[in-house]
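A.B. asks: Okay, here's the prediction I keep looking at, along with the sequence it came from:
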Amino acid sequence: MTEAQKTFADQKRKTVETAEFTEDGRYKRKVRSFVLRTGRLSDFQKNMMNDHWADLGLDYQNAPFDFAAIYGNSNPVILEIGFGMGKSLVDMAEANPDKNYLGIEVHTPGVGACIAYAVEKGVKNLRVICHDATEILRDCVKDGELGGLQLFFPDPWHKAKHHKRRIVQPHFVEQVVQKLQPNGFIHMATDWENYAEQMLEVLSANENLVNTAEKDYIPRPDFRPLTKFEVRGHRLGHGVWDLYFKKK
Ligand SMILES: C[S@@+](CC[C@H](N)C(=O)[O-])C[C@H]1O[C@@H](n2cnc3c(N)ncnc32)[C@H](O)[C@@H]1O
């Protein structure tokens with residue numbers, strides 16, 4: 001690759017995390033919830049990412065974002081982690097102009113596709129980030145600032161030896177709760193029963209959250225557009241479990 005070809009999108013394909021080191025200067029290996037796949041980034045997706053980043057993209061920074069300045073209003077900010085190709089996220093942003101959406105995804109073709117669809121739809125209340133969401137939550141979001149968190153069909157890491165890579169863990173939920181406003185929501189959906197049970201257990205154990213479901217799970221809500229992975233799950237004959245909790 002020549003110097004001129006090394007674009008912003010190309011850089012994002014190499015790293016989506018900030019390097020951390022041990023006290024004796026060695027690179028710290030982290031347990032990540034994703035594998036950086038090098039699936040093909042089309043020229044179209046790459047150009048959309050490079051051309052529209054100034055309007056629709058945000059970069060990791062070692063300080064909290066000023067959401068009022070970013071979105072130009074003080075509407076609630078809804079964070080979606082792992083938006084995939086972003087279609088359902090853009091559809092939700094279009095359907096809810098009174099909310100601001102912040103989508104995080106590490107897969108660059110998805111980021112490019114999401115930006116392309118957002119441009120096509122002309123949505124203004126959406127920003128996307130291409131970085132590990134756990135670092136964004138930790139470093140870039142002030143406590144009590146989020147109106148809600150959406151996590152739709154996170155990677156199930158179905159082998160028991162990989163369960164530690166699942167993003168839904170007590171410390172993750174603890175961090176999300178810290179970033180939520182009072183009454184803010186956590187909405188998760190999965191097509192893996194065993195992950196649904198883990199989500200239910202971890203969310204129920206957090207004393208600052210209340211389950212809004214009559215019993216464990218809510219019926220599939222109309223306001224959640226069908227996602228690519230949900231369609232795939234249906235094809236494989238999987239069920240779908242939605243969890244909707246609120247912060248006290
Ligand atoms: C199974 S896919 C689901 C995508 C989409 N929500 C859907 O339902 O079609 C999970 C996505 O989460 C992303 N992901 C996993 N861990 C992440 C993290 N820590 N930060 C940002 N994205 C992450 C993956 O790259 C992947 O695209």
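C.D. replies: Yep, it's here.

A.B. asks: what about stretch 204-221, start to end distance?
C.D. replies: Terminal residues of stretch 204-221 are spaced 20 Å apart (Cα to Cα, to the nearest Å).

A.B. asks: Next, the buried residues of it.
C.D. replies: Neighbour-count burial for stretch 204-221, counted by 16 or more other Cβ atoms under 10 Å, picks out Asn206, Leu209, Asn211, Tyr217, Ile218. C-beta: built from backbone N, CA, C; applies to glycine.

A.B. asks: what about that stretch and the ligand, touching?
C.D. replies: No - between stretch 204-221 and the ligand, judged by Cβ under 6 Å from any ligand atom, nothing touches; the nearest distance is 13.2 Å.

A.B. asks: How about stretch 117-136?
C.D. replies: Yes - Stretch 117-136 lies within reach of the ligand by Cβ under 6 Å from any ligand atom, at Asp132, Ala133, Thr134.

A.B. asks: List the buried residues of that stretch.
C.D. replies: Under the neighbour-count criterion of 16+ other Cβ under 10 Å, stretch 117-136 has 117-118, 123, 125-136 buried.

A.B. asks: for it, how far is the first residue from the last?
C.D. replies: Start to finish, the residues bounding stretch 117-136 are 23 Å apart (Cα to Cα).

A.B. asks: distance between it and the chain's centre?
C.D. replies: Stretch 117-136 has its C-alpha centroid displaced from the chain centroid by 10 Å (Cα atoms, centre = their mean, to the nearest Å).

A.B. asks: Inside strands: which ones of the buried residues of stretch 204-221?
C.D. replies: Mapping the buried residues of stretch 204-221 onto strands (DSSP state E) picks out Leu209, Asn211.

A.B. asks: List, one by one, the residues from the chain near the ligand.
C.D. replies: Going by Cβ under 6 Å from any ligand atom, the residues of the chain near the ligand are 33-34, 81-84, 104-107, 110, 132-134, 152-155, 167, 227-230.

A.B. asks: From the residues you listed, which land in helices?
C.D. replies: Among the residues of the chain next to the ligand, DSSP state H puts Gly110, Ala133, Thr134, Lys228, Phe229, Glu230 in helices.

A.B. asks: At which residues are the helices of the chain located?
C.D. replies: For the chain, applying DSSP H gives helices covering 8-12, 43-56, 67-71, 87-95, 108-121, 133-140, 170-179, 193-205, 228-235.

A.B. asks: List the buried residues for the third one?
C.D. replies: With burial defined by 16+ other Cβ under 10 Å, the residues of helix 67-71 counted as buried are Phe67, Tyr71.

A.B. asks: Over to the fourth one?
C.D. replies: Within helix 87-95, the residues scored as buried using 16+ other Cβ under 10 Å are Lys87, Ser88, Leu89, Val90, Asp91, Met92, Ala93, Glu94.

A.B. asks: tell me what that helix is packed against?
C.D. replies: strand 77-81, strand 100-104, helix 108-121, strand 126-129 (3 or more Cβ pairs under 8 Å, 6 or more residues apart in numbering; DSSP states H and E).

A.B. asks: Which residue is the nearest non-sequential neighbour of the residue nearest the centre of the chain?
C.D. replies: For the chain, the residue sitting closest to the mean C-alpha position, by Cα atoms, centre = their mean, is Ile81 at 0.9 Å. Counting by Cβ to Cβ, 6 or more residues apart in numbering, Ile81 lies nearest to Ala133, which is 4.3 Å off, once chain neighbours are set aside.

A.B. asks: mind checking pLDDT for that neighbour?
C.D. replies: In this model, Ala133 is scored at 97, pLDDT.

A.B. asks: Now do the same contact list for it.
C.D. replies: Contact analysis of Ala133 by Cβ atoms under 8 Å, 6 or more residues apart in numbering lists Ile81, Gly82, Ile104, Val106, Ile167.

A.B. asks: would you list these in TSV and tack on pLDDT and distance to Ala63?
C.D. replies: Formatted as TSV, those follow (pLDDT from 0 to 100; distance: Cβ to Cβ, whole Å):
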residue	pLDDT	distance to Ala63
Ile81	98	20
Gly82	98	24
Ile104	98	17
Val106	94	21
Ile167	97	24
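
A.B. asks: Appreciated, that's everything.
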